[in-house]
Structures are given as C-alpha cells and as structure tokens.
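After the sequence you'll find the predicted model.
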Amino acid sequence: MLKSTRQPSPPQRIVVLRYRFIGDTVLMLPFLESLRQQYPQAIIDVVVSPNSGEILTHCPWINNLIFYCKKSENTPETPAENTCYIKSFQTLVKHLKTQKYDWAFVLKRSLSSAVIPFLAGIPVRIGFNTEYRSLLLTHPLPYPEKGHEIDAFLSVLAGEGIPTPQTPKLSAWIDPATDHTVTNRFALYHAEGAIHIGLHAVASNPVKSWVPHRWQALLALLITQFEAQGITTETVFFHAFGTKSDSVAYEPMLASLPPNWQPQWVDWCGKTDLLETQALLKRMTLLVGVDSGLLHLAACVGTPVVGLYGPLSVERWGVWGRTHAVPEVVAHQLLFLGLACQPCGLKHPCQNSFQCLGSLSEHWVLEAMMKKLGVRQPT
C-alpha cells in the first residue's frame, strides 16, 4: 500500500478525468456538484470528449473544460471561453503539467487514463484500482461490483471523506440563446395539448438496438391506440433523434406510417448540437429509446423515459430515476427481459442472437408508453 501523499491543506487546483460517452458525462454530474460544494474556492477543471463534454459548457460547478480529441475530429477555430482542445496524449500530459494541479480524480477506469496524471506530476491521484493501476494512483479505491455508476463515482468522494448527497440529482444548463433558437424551430410543431413522442432507435453499438420490425409494429399499435381514443394526427408528433447517419435507420419507420400520419414525423437527426438536442428533449412529452446517452440527456431535463435494455446492466447504466424528493418515485420505465444471460456486458460472443432485445415485445413497450402518457388502453 502506498503512503498517502495528500496535502494537509485543501486542494487549490483539481482536475477530473472522464473523457468518453454522453452517458458517462451525465452520470458524473452529482460527483461534480458534491466536489464543488466541498471546495467552493478551488479551480475545478474537467477533461472530457468533444462528443459529450458540450453539455458541461454552462455548468456552474467547474471552471474550465479540456476537450481531449481524436486527431481526426474537427475543433472550432475559435474555442469557447474557458475551453481548450487537445489532440494528443503527449500534449494533454504537457498541458496538465503546466496547470500545476494539486489533485486529480481519475474517474475513467482505463490504464492510460491513470498514466496521464502520473506523467503530469500531479501529487494526489485518486481513482479506481482497475486495470492494474494501483501503482499509478496515490489513492486507489475499489470499483463497486454492484450499484449504479453515479453511486460508484460518489464512492470515490466518500472514500476521501467528502460528503455526498443521499438522493443525487441530475441537472442541465441550456443557455438563453440556444433555448431561443430551439423555440423558434419547434414552433412549427406546436399545437395546444399536443403529444410529442421522441424516438431514439439507434445506439452507438448496433447490438444495443431494438430490431427494426419491432419499431414499426410499435408505431402501428400506437396509432391504433390514439385513434381509438379520438386523438387526431394534428395533436401527435413523432420526433426522430440521432446523428446524421442515423436518419437512414428511421426511413422504414416513416414509410410504415399511414399516409395521413406521415406529416407528423419530424427528423432531427444530425440537425442539432448537444445543447439544442437537450432543449428539444425538454419539450418532449416522452422519449422511448434504446440504451444510449440520449436517454440520460432526457433525464437531465425531466422528460419521462421508456428505455429498452439488453446486454448491459440496467442496475449500473440505467437512466437515473432518483430525481425526486422521495427516492421511490421514479420518472422512468426501464424495460429488460431478465434472461439468465443478462447482463452479459458484451464480454463474450452472444449465443442467442441477442434475444434480450430481439424478443422484447412491442406490446410491453406500448403499455409502458401509455402509462407515461396517461392514456388509458382499451381492454
């Protein structure tokens, strides 16, 4: 066991490393809030990925964002205030060294992420003892085998004696200019009492995507239910979310709609940045989608989610539901079959053709959606 090199006085400069996906960034929010509450005067910088860190642009708990980019990724010619873009491992190490941080929290669990603050000479390096990193960290901590990732992050603070909230909450910061832009674009689809259903059918990993024919069947069932309730096309909109390349995956879904319902389809794929996407999600009545970062973004703005989960752990990566004063009140419905092989964590080849998602019934998803929409299903 290494001897503690922690400074006796509170840290003046702290860097947090968690550069990866959108969900990883969202689930770090309660950690950042607790860290700021403990050290209100400290400089707190965060190393993030450009495809996810944008949601922290207006976060009041941090001072600077350090975007750790791939060499192939484009970066702005004029970076936003309090941001910088770094495209190589060596440059990141050099930058962190010049900032003279006192502490580094390494929330990413890879070996390389612990090498960075070690080479940067940061005196106190706190993180999980995964991937044989203990020799690189001054304060290695066990990664909890069970529980949610938010709880795992907070356990790092608790291990250092830093208070953590009993009921962690998510937050979002959408600047007025972004909100104004989205308001103007969304006005085309505004109707009094309208139901706006967000759809996210494509995950970054294809094995986390629901089979296409299930989506088409779900839309058919939804329309049947709406028409049976006297809900007309003028007051229902389907909003497709994703990247520009994801738009192709939605084409069969749009084609399957009856002609009178097709004008109610709105394709946002690749047409918004992350903050605009979050502002749009805030305007959704409900979001239904596969295991992805977009579901976490919806949770941040309080939009109810129906999530479809397969190979990954719902307990670890499910949309955060403890967003109310009473922990038992959960705003989201997370669906998974509970097969004997779930969750596999994608650690070995699937022998069942990913039936954990393929066999998840559209009728079950419909029932969850109707409950969240407050629409009674006919017997």
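Everything's here; your move. Residues are numbered from 1 along each chain as shown.

C-alpha only now, for contacts and for neighbours.
OK.

Please identify the helix or strand for residue 226.
Using DSSP states H and E, residue 226 sits within helix 212-228.

Extract the CA atoms of that helix and return them as PDB.
Only the C-alpha atoms of helix 212-228 are listed here, as PDB (Å, rounded to 0.1, in the frame of the first residue of the first chain):
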ATOM      1  CA  PRO A 212     -36.400  -2.600 -36.900                       C
ATOM      2  CA  HIS A 213     -39.700  -4.600 -37.300                       C
ATOM      3  CA  ARG A 214     -40.500  -4.100 -33.600                       C
ATOM      4  CA  TRP A 215     -40.300  -0.300 -34.000                       C
ATOM      5  CA  GLN A 216     -42.700  -0.500 -37.000                       C
ATOM      6  CA  ALA A 217     -45.100  -2.700 -35.100                       C
ATOM      7  CA  LEU A 218     -44.900  -0.300 -32.100                       C
ATOM      8  CA  LEU A 219     -45.800   2.700 -34.200                       C
ATOM      9  CA  ALA A 220     -48.700   0.800 -35.700                       C
ATOM     10  CA  LEU A 221     -50.000  -0.100 -32.200                       C
ATOM     11  CA  LEU A 222     -49.600   3.500 -31.000                       C
ATOM     12  CA  ILE A 223     -51.600   4.900 -33.900                       C
ATOM     13  CA  THR A 224     -54.300   2.400 -33.300                       C
ATOM     14  CA  GLN A 225     -54.500   3.300 -29.700                       C
ATOM     15  CA  PHE A 226     -54.500   7.000 -30.400                       C
ATOM     16  CA  GLU A 227     -57.300   6.700 -33.000                       C
ATOM     17  CA  ALA A 228     -59.300   4.600 -30.600                       C
END
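
So what touches it?
For helix 212-228, the surrounding residues in contact (Cα atoms under 8 Å, 6 or more residues apart in numbering) are 201, 232, 252-253, 256-257, 361-363, 365-366, 377-378.

what's the answer for stretch 116-135, then?
Residues from elsewhere that reach stretch 116-135 (Cα under 8 Å, 6+ apart): 2, 5-7, 89, 92-94, 96-97, 100-111, 114, 136-143, 156.

Show me the domain layout of this protein.
13-159, 176-373 (automatic domain parsing).

related to what we said a few turns ago, any of the contacts of stretch 116-135 buried? List them.
Buried members of the contacts of stretch 116-135, counted by 16 or more other Cα atoms under 10 Å: 6, 89, 92-94, 96-97, 100-109, 114, 136-141, 143, 156.

Now, the contacts of helix 212-228 that are in helices?
Judged by DSSP state H, the contacts of helix 212-228 include 252-253, 256, 362-363, 365-366 as members of helices.

Among the contacts of helix 212-228, which pair sits farthest apart?
Farthest pair in these (Cα to Cα) is 252 and 378. Separation: 27.7 Å.

Between these two, which has more neighbouring residues?
Using other Cα atoms under 10 Å as the criterion, residue 252 and residue 378 rank with residue 252 on top: 13 against 7.

tell me the contacts of that one?
Listed by Cα under 8 Å, 6+ apart, the contact set of residue 252 reads residue 216.

can you map out the strands along the stretch 1-150 of the chain?
13-17, 43-48, 64-68, 83-86, 103-106, 124-128, 139-141 (DSSP state E, counting those that start in this stretch).

any chance of these in a markdown table, with distance to residue 338 and mean pLDDT too?
Shown next, in a markdown table, are these (distance: least, Cα to Cα, whole Å; pLDDT from 0 to 100):
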| stretch | distance to residue 338 | mean pLDDT |
| --- | --- | --- |
| strand 13-17 | 33 | 98 |
| strand 43-48 | 33 | 98 |
| strand 64-68 | 37 | 96 |
| strand 83-86 | 42 | 92 |
| strand 103-106 | 32 | 98 |
| strand 124-128 | 29 | 97 |
| strand 139-141 | 30 | 96 |
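
And those strands: which comes nearest residue 307?
Nearest to residue 307, of all the strands of the stretch 1-150 of the chain, is strand 43-48, at 25.3 Å by Cα to Cα.

Let me see the ranges of the helices in the stretch 51-200 of the chain.
89-99, 111-119, 149-159, 176-186 (DSSP state H, counting those that start in this stretch).

can you put the ones you listed in TSV and add mean pLDDT and distance to residue 283?
TSV is the format used below for the helices of the stretch 51-200 of the chain (pLDDT from 0 to 100; distance: least, Cα to Cα, whole Å):
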stretch	mean pLDDT	distance to residue 283
helix 89-99	97	38
helix 111-119	97	37
helix 149-159	96	25
helix 176-186	95	9
